[in-house]
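Novice: Mind looking at a prediction? Sequence and model below.
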Amino acid sequence: MIAQKLAIEVLNAALATGGDYAEIYLENTISENVTLDNGKVDHSSRAQSYGCGIRILQGFNSVYGFTSDLSRKSLLTLAGQLSRRFEGERKISVKEAKNERIPVVNRMHGPLTDVPVEEKIRLLREASSITMGVDSRIVRCQVGFNDSHKDIEIWNAEGSVAHHYKNTEDHGRFFDEAIAKEGNRIESAFEGPGRCASWDWFVHTLDWRERAKKAGETAIRLLSAVECPQGKYTVVIANGWGGVVFHEACGHSLEATATARHLSVFSDSIGKQIASPIVSAYDDGTIPNEWGSNNIDSEGHATQKNQLIKDGICVGFLVDKFNGRRLGMEANGTSRRQNYQFEPTSRMSNTYIAAGKDNPEDILKDTKLGIYVTNFGGGSVEPITGKFNFSANEAYIIRGGKVCEMVKGCTLIGSGAEVLMNIDRVGNDVALGQGMCGSQSGSIPVNVGQPTIRIQNLTVGGRGGKLV
């Protein structure tokens, strides 16, 4: 996007006042969004954005700025303005640049943005028809497809040689929201699978017809759901999207963004037991073509499979370059950002509890009385304490080892540390679910995941009285 000569010139301008690291992040993104409402095209758009972010580090201090003007004058002006935040003498002079080879994690066969919008609309119309056909009580169905193609260029230096990286990021996501109505009662259900994959995968591999049907069926079942009981219960959480509890209540607390500043309940936990001995957990940005995967992170480091918990012991954090300085740890490929307008920091990618030894059917069978949660909605977490509050979109009562009536208004309340220690069963059925995660460096695609797990003595909120 910019010539090597200009990149070296900008890096030297950034390092003029004593910075020990400088970085140029350039990006050009094309995105397309199509939405159908009850089978009719409601929205279709295509947009392009581009720009540059420049970051300078000096010890434990960082400055960042961005611009959408990629001219020489603009880039040098921005670098000069940022460098003046420091007061010192030059320590580094960049003299040359080296093009770095990057590993290929996500192999694509053409950008999704190249697919004619008419093809996407045809698929979405069929999906809408399937959802609406589930039951006459489905009164509205919104389906859509969002995709983006991002070209990225990174130049960084903390010595006389600048390192140059080129990468592309492609994401696509199908979504289907069904709304059911009976009398004065209205319920909704959502399916939103995503992947770093070509159009052929979405058409022929993704079970989008089943997802469309499931959205409608779940919305209909919710119409007859009873109020959830309240109290402390044994809670079984299904695989896949159930991992959002670990992601929010524990994963964020293991990011160096929080641990480096002692703003996490797990800040001093390396080498200590923070979970049941049957729990291990990973963040893996190298799973081919997964929603949260990438070839490199936003600093140019190759993505990695990072173990966070091993047999209940905390063994690692997610570490970016800047916060790694405070921790005395090397960056491990987990620095991410939404776009050039955000300074990068440590973020999750594909984060999951590893498979255990239990058959998921046996976990349910061995639970005499409790709550079974298969899908989640919104929630809130306090990172410093790990305390959380999650609403369940789909939950059921367990009686005598059997899944019984569906409940509504189910809320799980607790803390990450409490949940991890109280897991007493871990299934062998790991699955991943797709979502968007918002934090300091913007909103990014992430996978959450886990096998079926069982948690003892978890507080459940609801309006249905006591479970009997």
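Specialist: Looks like it came in fine. As the structure is a computational prediction, the values presented were derived from the model and not from experiment.
Novice: Number of residues surrounding residue 409?
Specialist: 17 (other CB atoms under 10 Å). Glycine gets a C-beta too; all of them are placed from N, C-alpha and C.
Novice: hang on, it packs against residue 460?
Specialist: No. Judged on CB atoms under 8 Å, residue 409 makes no contact with residue 460 at a distance of 10.3 Å.
Novice: any shared contact partners between these two?
Specialist: Common neighbours of residue 409 and residue 460, using CB atoms under 8 Å, 6 or more residues apart in numbering, are residue 228.
Novice: buried stuff in the least confident helix or strand in the chain by mean pLDDT?
Specialist: Least confident element among the helices and strands of the chain, by mean pLDDT, DSSP states H and E: strand 369-382 (a mean of 88). Within strand 369-382, the residues scored as buried using 16 or more other CB atoms under 10 Å are 370-376, 379, 381.
Novice: Convert the C-alpha atoms of that strand to PDB, please.
Specialist: Taking Å, rounded to 0.1, in the frame of the first residue of the first chain, the C-alpha atoms of strand 369-382 are listed here in PDB:
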ATOM      1  CA  LEU A 369     -32.600 -32.200  39.300                       C
ATOM      2  CA  GLY A 370     -31.200 -29.100  37.600                       C
ATOM      3  CA  ILE A 371     -31.200 -26.700  34.600                       C
ATOM      4  CA  TYR A 372     -30.000 -27.500  31.100                       C
ATOM      5  CA  VAL A 373     -28.900 -24.400  29.100                       C
ATOM      6  CA  THR A 374     -28.400 -24.800  25.400                       C
ATOM      7  CA  ASN A 375     -28.100 -21.200  24.200                       C
ATOM      8  CA  PHE A 376     -27.300 -17.800  25.600                       C
ATOM      9  CA  GLY A 377     -28.300 -14.200  25.000                       C
ATOM     10  CA  GLY A 378     -26.800 -11.100  26.500                       C
ATOM     11  CA  GLY A 379     -25.000 -10.600  29.800                       C
ATOM     12  CA  SER A 380     -22.600  -8.500  31.800                       C
ATOM     13  CA  VAL A 381     -19.200  -9.200  33.500                       C
ATOM     14  CA  GLU A 382     -17.000  -7.300  35.900                       C
END
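Novice: Would you give the sheet partners of the helix or strand following it, along with the direction of each?
Specialist: Using DSSP states H and E, the helix or strand that directly follows strand 369-382 along the chain is strand 387-399. When sheet partners are counted by DSSP bridges, strand 387-399 sits next to strand 369-382 (antiparallel), strand 402-408 (antiparallel), strand 410-415 (antiparallel).
Novice: Could you export those to JSON lines, including columns for distance to residue 47?
Specialist: Formatted as JSON lines, the strands paired with strand 387-399 follow (distance: least, CB to CB, whole Å):
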{"stretch": "strand 369-382", "distance to residue 47": "27"}
{"stretch": "strand 402-408", "distance to residue 47": "38"}
{"stretch": "strand 410-415", "distance to residue 47": "37"}
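Novice: wait, which of the ones you listed is closest to residue 260?
Specialist: Checking these against residue 260 by CB to CB gives strand 369-382 as the closest, at 18.1 Å.
Novice: Give me the contacts around the closest one.
Specialist: With contacts defined as CB under 8 Å, 6+ apart, strand 369-382 is touched by 218, 228-229, 233-238, 241-242, 244-245, 248-249, 252, 364, 387-400, 403, 407, 410, 412, 416, 460, 467.
Novice: gap between it and the chain center?
Specialist: Mean C-alpha position of strand 369-382 versus that of the full chain (CA atoms, centre = their mean, to the nearest Å) differs by 17 Å.
Novice: which residue sits closest to the residue in the chain sticking out farthest from the centre, ignoring its sequence neighbours?
Specialist: Among residues of the chain, the one most distant from the C-alpha centroid is residue 89; the distance is 40.3 Å, by CA atoms, centre = their mean. Spatial nearest neighbour of residue 89, chain neighbours left out: residue 18 (5.8 Å); criterion: CB to CB, 6 or more residues apart in numbering.
Novice: if I pick the one you found, what's in contact with it?
Specialist: Residues in contact with residue 18 (CB under 8 Å, 6+ apart) are 58, 86-91.
Novice: cool, and residue 302?
Specialist: Here residue 302 is in contact with 102-103, 295-296, 333 (CB under 8 Å, 6+ apart).
Novice: That one pairs with what?
Specialist: residue 296.
Novice: just the one 5 residues further on next, same as before
Specialist: Beta-bridge partners of residue 307, counted by DSSP bridges, are residue 282.
Novice: Walk me through the domains of this structure.
Specialist: The record's domain split for the chain, according to automatic domain parsing, is 4-222, 226-461.
Novice: Can you say which of the ones you listed is packed in most?
Specialist: Among the domains of the chain, the stretch with the highest mean neighbour count (mean count of other CB atoms under 10 Å) is domain 226-461, at a mean of 21.
Novice: What is the end-to-end distance of that domain?
Specialist: In domain 226-461, first residue to last residue: 14 Å (CA to CA, to the nearest Å).
Novice: what's the spacing between that domain and its chain's center?
Specialist: Using CA atoms, centre = their mean, the offset of domain 226-461 from its chain centre is 11 Å.
Novice: that older thread, now the two most distant members of the contacts of residue 18.
Specialist: Using CB to CB, those span at most 13.0 Å, a distance reached by 87 and 91.
Novice: Using CSV, write out every CA atom in stretch 335-355.
Specialist: Presented in CSV, the C-alpha positions along stretch 335-355 are these (Å, rounded to 0.1, in the frame of the first residue of the first chain):
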residue,chain,number,x,y,z
SER,A,335,-2.9,-9.0,19.5
ARG,A,336,-6.0,-8.0,17.5
ARG,A,337,-8.0,-4.9,16.5
GLN,A,338,-11.2,-4.1,14.7
ASN,A,339,-9.6,-1.9,12.1
TYR,A,340,-6.9,0.8,11.7
GLN,A,341,-8.7,3.2,14.0
PHE,A,342,-8.0,1.0,17.0
GLU,A,343,-4.7,0.4,18.8
PRO,A,344,-4.1,-3.4,19.1
THR,A,345,-4.2,-5.3,22.3
SER,A,346,-4.5,-8.9,23.6
ARG,A,347,-7.7,-10.5,22.5
MET,A,348,-9.2,-14.0,22.2
SER,A,349,-9.6,-15.8,18.9
ASN,A,350,-11.0,-19.4,19.2
THR,A,351,-11.3,-19.9,23.0
TYR,A,352,-12.6,-23.2,24.4
ILE,A,353,-12.6,-25.6,27.2
ALA,A,354,-10.9,-28.8,26.0
ALA,A,355,-12.7,-32.2,25.7
